[in-house]
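Okay, sequence plus prediction incoming.
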Amino acid sequence: MISKNTICLWYDGTALDAATFYAATFPDSAVGAVLRAPGDYPSGKQGDVLTVEFTVMGVACMGLNGGPTFRHSEAFSFQVATDDQAETDRLWNAIVGNGGQASACGWCKDTWGLSWQITPRALTAAITDPDPAAAKRAFEAMMEMTKIDIAAIEAARRG
């Protein structure tokens, strides 16, 4: 059953591939119902995947194979709060290493163009430090990074 509020993500025929990758990569993620076309249609054939229900870390999503008209952009991203460097590295490397692309400040894109923010909880704590100087040092360190290095963030926070 579809959740009352579901994030619908547009793909160019690769929704099932994306959902399968997310389910294998992120905890509390799974592929659900796959709706296939009951007949031929102008841009596809009977049996083609139309939609895929899936969850990403407990968030209800639907992949829609809508064709090449629309692309993902940074205007939408998943932000993943990681607990340590090992989790940060594992998720970052899974996304970037599977045809994705590294960006700045913990952002990356998967092979389907969907943006992800792999954000260690330590980074959030550092840039919200009650000491403005410590927060500023951590923020400036983050601005120089692609994947977040927790040890470097904590060193900058300490000064």
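Received it, and whenever you're ready, just let me know what you need. Numbering: from 1, shown residues only.

Please, where are all the strands along this protein?
7-11, 30-36, 49-56, 59-65, 77-82, 101-102, 107-109, 115-120 (DSSP state E).

of all those, which lies closest to Arg90?
Ranking those by proximity to Arg90 (Cβ to Cβ) places strand 77-82 first, at 8.6 Å. Quick note: C-beta positions are derived from backbone N, CA and C, even for glycine.

Report all helices and strands that that closest one contacts.
helix 85-97, strand 115-120, helix 121-127 (3 or more Cβ pairs under 8 Å, 6 or more residues apart in numbering; DSSP states H and E).

follow-up on the earlier one: tabulate the strands of the chain (TSV), appending distance to Arg158.
Listed next are the strands of the chain as TSV, based on distance: least, Cβ to Cβ, whole Å:
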stretch	distance to Arg158
strand 7-11	38
strand 30-36	40
strand 49-56	34
strand 59-65	35
strand 77-82	20
strand 101-102	27
strand 107-109	25
strand 115-120	16
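
Kindly reformat the ones you listed as TSV containing mean neighbour count.
Conversion of the strands of the chain to TSV gives the following (neighbours: other Cβ atoms under 10 Å):
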stretch	mean neighbour count
strand 7-11	18
strand 30-36	14
strand 49-56	21
strand 59-65	19
strand 77-82	17
strand 101-102	13
strand 107-109	21
strand 115-120	21
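
so can I have JSON lines of those strands showing mean pLDDT and distance to Arg137?
Listed next are the strands of the chain as JSON lines, based on pLDDT from 0 to 100; distance: least, Cβ to Cβ, whole Å:
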{"stretch": "strand 7-11", "mean pLDDT": "97", "distance to Arg137": "35"}
{"stretch": "strand 30-36", "mean pLDDT": "98", "distance to Arg137": "40"}
{"stretch": "strand 49-56", "mean pLDDT": "97", "distance to Arg137": "33"}
{"stretch": "strand 59-65", "mean pLDDT": "97", "distance to Arg137": "33"}
{"stretch": "strand 77-82", "mean pLDDT": "98", "distance to Arg137": "21"}
{"stretch": "strand 101-102", "mean pLDDT": "98", "distance to Arg137": "23"}
{"stretch": "strand 107-109", "mean pLDDT": "98", "distance to Arg137": "21"}
{"stretch": "strand 115-120", "mean pLDDT": "98", "distance to Arg137": "16"}
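
Relative to Arg71, which of these is closest?
strand 7-11 (8.0 Å).

who's in contact with the residue nearest in space to the middle of the chain?
Residue closest to the average C-alpha location in the chain (Cα atoms, centre = their mean): Trp116, at 3.4 Å. Trp116 makes contacts with Ser77, Phe78, Gln79, Val80, Leu91, Ile95, Trp107, Cys108, Lys109, Asp110, as judged by Cβ atoms under 8 Å, 6 or more residues apart in numbering.
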